[in-house]
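*Asks:* Next come a sequence and a model predicted from it.
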Amino acid sequence: MNLDLNETQTLLRDTIRTYLTNEVPFDRIREIEQTDDCDEALWSAICRQGWIALPFGESVGGAAGSLTDIGLVVEEFARRAAIIPIAEVMACSWLLEHHIDDAVSAPLVEGIIAGTVRPVPAESDDLELADGSVTGSVDFIDFGAQATHHLIIARGDHEQLIMVAADGASVSTQPLTTIGRTPTCRARYEGAPAVVVGQADAARRLRSIARTLTAVQCVGSMQTAFDMTVAYAGFREQFGKAIGSFQAVKHHCANMAIRIEGTRFMTYEALDGIADGRASDAEIAMAKAATARAVPEVLMLAHQVHGGNGVIEENDLYFFTLRGKERSLAWGTLDECLEIAAQDVDEPIDWL
C-alpha cells in the first residue's frame with residue numbers, strides 16, 4: 001500500500017486538523033470529561049460540514065469516501081482527544097452503506113448525515129433473541145448512552161448482527177468508568193425490539209472495521225504525544241542545553257517515531273485490505289496487536305522525556321496517555337489479538 005496521500009486526502013486531513021486546533025481547545029475537552037457526555041456542539045458542527053457523510057454514496061448526499069479516508073478522519077479526531085463517537089458511527093455507517101440491505105440502511109442514512117441518528121457497535125454473548133425482541137446485557141458500549149441505535153454482534157454458534165433502537169423504554173444504560181474518561185456504558189435490554197440486519201459475514205466485517213479504526217485511534221494518540229515530546233525536548237533546557245540535543249533523548253524520540261510509523265502502516269494496510277476484501281482476521285488482529293503493544297511503550301517514553309512536567313494534568317499529554325491506553329484495550333487487547341493471529345500461524349504463506 002502507498003501511504004502517500006492524494007490531494008483530496010491531504011485537503012481533508014488539513015481542513016479537519018485546522019478546524020479542531022482553532023475550535024476545540026483542550027480546556028473545553030477537560031470540561032466535557034467531567035460530564036460523562038460527548039461534545040454535542042462539535043458533533044453538530046461536523047455534521048453540518050458533511051464530514052460524517054463521508055462513508056455514503058453521492059446519491060444520498062455523501063462523499064463516497066474510502067476506508068482510508070475514514071481512517072484519516074478518525075485519526076485527526078484522536079489527535080485532538082475529541083469526545084465524540086466518530087469512530088463508532090463511521091464503522092457502522094460504512095457497514096450500512098456497503099454490506100447491509102438497503103431496506104434496513106436507507107431509513108437510517110438520512111438521519112446519520114443530519115446528525116440525528118447515531119449507531120454505535122458492540123458485541124455480546126449474553127443476548128437472547130426471540131420473536132423480534134432481545135433480552136440480555138452488553139458491557140462497555142462506547143457512547144452507548146448517547147447513541148440512538150446499538151448495532152450488536154451477537155456471539156454464539158451462529159453469529160448474527162442485530163440492531164436495537166437504544167432510546168426505547170425497554171433499554172436502560174448504566175455509566176461505566178474507564179481509564180479513557182470517555183462515555184461508556186452497560187446496556188440492559190428487557191424485550192427490546194430488535195432486527196436481525198446481517199449474519200456471520202456482516203458481524204465479522206463490523207468487528208474488523210471497529211477493531212481497525214480503534215487501532216487508528218491508538219496511532220493518533222501516539223502521534224500527538226510524539227509531537228508534543230519533540231517540541232518539549234526542543235525548548236526544555238538542562239545543563240545549559242536543550243534536552244533534545246542529548247543522545248539518550250534522541251534515541252527515545254527515534255524509537256517512538258519508528259513504532260508509530262510501523263503501526264500506522266499496518267493499520268492503514270488493514271483498512272485498505274478490509275475495503276477490497278483481502279484482509280484476513282489474523283492480519284487485522286496483528287495490526288491491532290501491534291498498536292496495542294506500541295501505545296504504552298510510546299506514551300511512557302513521552303512521559304520519561306517530559307519528566308515531572310508530564311505527570312500533571314495541566315500538561316495536555318495526559319489526554320493521549322489515557323485515551324491511548326483505553327483504546328489499546330478496546331475491540332481486542334494485545335493478548336486477545338495475538339491469540340487470533342496464532343490460530344493461523346502454521347498456515348503456509350505466499351510471500352509473492
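*Replies:* Arrived safely. Numbers count the residues shown, from 1 in each chain.

*Asks:* Contacts for the helix or strand bottoming out on mean pLDDT in the chain, please.
*Replies:* Least confident element among the helices and strands of the chain, by mean pLDDT, DSSP states H and E: strand 237-238 (a mean of 90). Among residues not part of strand 237-238, those counted as contacts by C-beta atoms under 8 Å, 6 or more residues apart in numbering are Ile243, Phe246. Where C-beta positions appear, they are placed from N, C-alpha and C, glycine not excepted.

*Asks:* Partner strands of it and their direction?
*Replies:* When pairing is defined by DSSP bridges, strand 237-238 lines up against strand 241-242 (antiparallel).

*Asks:* What's the mean pLDDT across the partner strand?
*Replies:* Average pLDDT, strand 241-242: 95.

*Asks:* Just name whatever secondary elements the helix or strand following that strand is in contact with.
*Replies:* Counting by DSSP states H and E, the next helix or strand C-terminal to strand 241-242 is helix 247-276. Secondary-structure packing of helix 247-276 (3 or more C-beta pairs under 8 Å, 6 or more residues apart in numbering; DSSP states H and E): helix 67-78, helix 200-235, helix 281-306.

*Asks:* so the first one versus helix 200-235, what angle?
*Replies:* Right, helix 67-78. Using axes from the mean of the first three to the mean of the last three C-alpha atoms, to 10 degrees, the inter-axis angle of helix 67-78 relative to helix 200-235 is 50 degrees.

*Asks:* Please state the offset of helix 67-78 from the chain centre?
*Replies:* With C-alpha atoms, centre = their mean, to the nearest Å as the basis, helix 67-78 stands 9 Å off its chain's centre.

*Asks:* Mind giving me the packing neighbours of that helix?
*Replies:* Partner elements for helix 67-78 (3+ C-beta pairs under 8 Å, 6+ apart): helix 7-23, helix 86-99, helix 200-235, helix 247-276.

*Asks:* before we move on, back to that, could the helices and strands packed on helix 247-276 be laid out in CSV, adding mean pLDDT?
*Replies:* Listed next are the helices and strands packed on helix 247-276 as CSV, based on pLDDT from 0 to 100:
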stretch, mean pLDDT
helix 67-78, 98
helix 200-235, 97
helix 281-306, 97
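
*Asks:* Test my guess that Phe77 contacts Gly220.
*Replies:* Yes - using C-beta atoms under 8 Å, Phe77 is in contact with Gly220, at 7.5 Å.

*Asks:* follow-up on the earlier one: and of the helices and strands packed on helix 67-78, who's closest to Leu127?
*Replies:* In terms of C-beta to C-beta, the element of those nearest to Leu127 is helix 200-235, at 12.4 Å.
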